[in-house]
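> the following comprises the amino acid sequence and a computationally predicted model.
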Amino acid sequence: MDQSVDRPERPEPVAVPPRLAAHPSVRAVLARRATREAPPRVIDADWLREIALRAGADDVAAVPLDRPELTDERPFVERALPGTRSLVCLVVRMNRDNVRSSERSVANQEFHHSGEIINAAARRIVRELQDAGHRAVNPSATFPMEMDRYPGRIWVVAHKTVAVAAGLGAIGIHRNVIHPRFGNFILLATLLVDADVSEYGEPIDYNPCLECKLCVAACPVGAISKDGDFDFFSCFTHNYREFMGGFTDWAETVADSTDGADFRARVSDGENASMWQSLSFRANYKAAYCMAVCPAGEDVLEPYLADRREFMDRVLRPLQDKVETLYVLPGSPAGDHARRRFPHKEVRHVGDAGRSRRTPATTPPDGSEGRSGSHP
C-alpha cells in the first residue's frame with residue numbers, strides 16, 4: 001500500500017564541499033537525490049496499520065504528542081526522539097489460559113514470550129518507517145531500563161497512558177489496560193515518530209471493566225480494595241519480588257548474614273533457587289492474579305456470562321488455594337490481609353523494595369535518587 005500523503009516540496013540542496021563531494025559514498029547519495037521522492041509529511045494510517053499487523057501486532061492506533069493527557073510524557077519523549085510528533089501504540093495478545101495457570105512458570109513464559117513478540121514487532125515497524133524516510137524509535141516495551149534515574153522515572157514513555165489516549169482500552173479497577181476485545185490479556189508498546197499520522201485514535205467512551213471485583217478477591221496481598229483504592233507498594237513488594245527491588249533486598253540479606261548458615265536461616269532454598277533462576281534466565285512475577293481472573297473484553301467475556309460460579313471455581317479458586325509465600329513489608333496492611341484471607345499461605349517479611357536506602361551523604365550529586373515516579 002502506498003503511504004504517500006501530503007508529500008512536501010523538496011528543499012533546495014545545500015552545497016557540498018568539493019573535497020567531500022569527491023568521496024564515493026557522497027557521489028552515490030548525490031546521484032540518488034535527484035530521483036528520490038521526499039518522505040511524506042503525514043503517514044497514512046491504513047499503511048501504518050498494515051505494516052503493524054504484518055509485523056506481529058494485534059492492534060494499533062496513533063495519538064498526537066500534543067494531546068493534553070500526554071503533557072507529562074512530552075519532555076521524556078522529546079529527549080528520546082527530538083521532534084517527535086506522534087506516538088503509535090501497539091497491542092499484542094497473550095494466551096489467556098497460560099496467564100491463568102496456577103503454575104506460575106506457565107504464566108511467566110507467556111509474559112516473556114509475548115514481550116519478545118511485541119519488542120520484535122516494534123523494531124520491525126520502526127525499520128519500515130525508517131525506510132520510508134521517517135525518524136522513529138521503539139523504547140523497551142516490557143521492562144523500564146533507564147536505571148540512571150532510579151528511583152525516579154525509569155521508563156521512556158508510559159505505555160498505559162498512551163494506549164488509553166489512543167483508544168485501545170481503559171484502565172480497570174486493577175490498574176491494567178483492558179482492551180475492548182482482548183481484555184487485559186495484552187502487552188503494550190509505544191513507537192515515537194517524527195511525523196503526523198492521517199488518522200488518530202480517540203479515548204473510548206466506556207470502560208470495559210465490569211467492576212466484578214474478582215481482582216480484589218484474587219490479590220493475595222490486598223493491593224486492590226473494594227472501593228477502588230490501589231496500594232502500589234503492596235503489589236510491588238510481592239508481585240515484583242524477583243525484580244530490581246526484591247533483588248536489592250535479597251542482596252542486602254546476603255551482605256548482612258554472618259556466614260552461610262546464617263544466610264540459609266534467613267532465606268529458604270526455594271527462594272534462593274528462584275532468585276538464581278531470575279538472574280540466569282528471567283525475572284518472574286509472583287502473582288499477576290488480577291490479570292489472570294479478569295473476565296472483561298468481548299473475546300474473553302462469554303465463559304463468565306455463561307456460568308459465573310463455574311468461572312470462579314475454574315479460574316479464581318486455584319489461585320486463592322495455591323500454597324505459596326507472600327512477601328510483605330513488616331506492619332503493612334498487606335500482611336494483615338494475607339494472614340486473614342489466606343492462612344494457608346506463608347507470609348514473609350522483607351525489606352522495602354520500592355525505595356532507595358541511600359543516606360543523604362551518599363546521594364548522587366545530580367539528585368537522581370530523590371526523583372519520584374511510579375511504573376507506567
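Right, received. Where do you want to start?
> for Asn95, give me its contacts.
Counting by Cβ atoms under 8 Å, 6 or more residues apart in numbering, Asn95 touches 110, 185. Placement of C-beta: from N, CA and C, glycine included.
> so where's this structure uncertain?
1-13, 34, 36, 39, 353-376 (pLDDT under 70).
> can you give me the strands in it?
42-43, 59-64, 86-93, 136-137, 170-171, 177-178, 186-193, 196-197, 325-328, 346-349 (DSSP state E).
> what is the second one packed up against?
Translated: strand 59-64. When contacts are defined as 3 or more Cβ pairs under 8 Å, 6 or more residues apart in numbering; DSSP states H and E, strand 59-64 sits against helix 45-55, strand 86-93, strand 196-197.
> in the first one, what counts as buried?
Residues of helix 45-55 classed as buried: 45, 47-49, 51-52, 55 (neighbour count, 16 or more other Cβ atoms under 10 Å).
> what are the structural domain limits within the chain?
39-197, 214-370 (automatic domain parsing).
> those domains: which one's closest to Leu20?
Closest to Leu20 of the domains of the chain is domain 39-197 (Cβ to Cβ; 22.4 Å).
> how far off centre is that closest one?
8 Å (Cα atoms, centre = their mean, to the nearest Å).
> so Ser101 sits right up against Gln109, yeah?
No: using Cβ atoms under 8 Å, Ser101 makes no contact with Gln109, being 9.6 Å away.
> what's the local residue count around Ser86?
Ser86 has 23 neighbours, counted by other Cβ atoms under 10 Å.
> and what of the one 5 residues further on?
When neighbours are defined as other Cβ under 10 Å, Val91 has 25 of them.
> what's the closest non-adjacent residue to it?
Asp59 (4.0 Å; Cβ to Cβ, 6 or more residues apart in numbering).
> against Leu326, how distant is Thr237?
Distance of Thr237 to Leu326, computed by Cβ to Cβ, to the nearest Å: 9 Å.
> ignore what I typed, I meant Val29.
61 Å.
> so those two - more neighbours on which side?
Leu326 (22 against 12).
> the more buried one against Arg339, yeah?
No: in this structure Leu326 lies outside contact range of Arg339 using Cβ under 8 Å: 9.2 Å.
> identify the contacts common to those two.
Shared contacts of Leu326 and Arg339, counting by Cβ under 8 Å, 6+ apart, come down to Val347.
> find the nearest non-adjacent residue to His349, please.
If you skip the residues right next to it in sequence, His349 has Pro330 as its closest partner in space, 4.6 Å away by Cβ to Cβ, 6+ apart.
> in this structure, which helix is the longest?
Ranked by residue count and defined by DSSP state H, the top helix of the chain is helix 104-131.
> tell me which residues in it are buried?
Quick answer for helix 104-131 (16+ other Cβ under 10 Å): 104, 107-112, 114-115, 117-122, 124-126, 128-129.
> likewise stretch 56-67?
Quick answer for stretch 56-67 (16+ other Cβ under 10 Å): 56-63, 65, 67.
> now do stretch 251-266
Thr253.
> how far is it from where the chain is centred?
On Cα atoms, centre = their mean, the centre of stretch 251-266 falls 33 Å from that of its chain.
> try stretch 16-32
On Cα atoms, centre = their mean, the centre of stretch 16-32 falls 44 Å from that of its chain.
> and if you look at stretch 298-305?
The mean C-alpha position of stretch 298-305 is separated from the chain mean by 25 Å, Cα atoms, centre = their mean.
> now do stretch 243-252
On Cα atoms, centre = their mean, the centre of stretch 243-252 falls 20 Å from that of its chain.
> identify each buried residue in that stretch, please.
Neighbour-count burial for stretch 243-252 [16+ other Cβ under 10 Å]: 243-250.
> tabulate those residues (JSON lines), appending distance to Asp196.
Listed next are these as JSON lines, based on distance: Cβ to Cβ, whole Å:
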{"residue": "Phe243", "distance to Asp196": "37"}
{"residue": "Met244", "distance to Asp196": "37"}
{"residue": "Gly245", "distance to Asp196": "39"}
{"residue": "Gly246", "distance to Asp196": "42"}
{"residue": "Phe247", "distance to Asp196": "42"}
{"residue": "Thr248", "distance to Asp196": "43"}
{"residue": "Asp249", "distance to Asp196": "46"}
{"residue": "Trp250", "distance to Asp196": "47"}
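> for Phe76, state which of those is nearest.
Met244 (19.3 Å).
> now the residue nearest to Leu129 when sequence neighbours are not counted: how far from Gly270?
Closest residue in space to Leu129, ignoring its immediate chain neighbours: Ala136 at 4.2 Å, by Cβ to Cβ, 6+ apart. Plainly put, Ala136 is 44 Å away from Gly270 if you go by Cβ to Cβ.
> those two: which is more packed in?
Legend: neighbour count by other Cβ under 10 Å for Ala136 and Gly270, higher for Ala136 (22 against 9).
> isn't the more buried one right up against Arg124?
No: using Cβ under 8 Å, Ala136 is not in contact with Arg124, being 11.4 Å away.
> which single one of the buried residues of stretch 56-67 is nearest to Pro343?
Closest approach to Pro343 among these (Cβ to Cβ): Asp58, at 40.7 Å.
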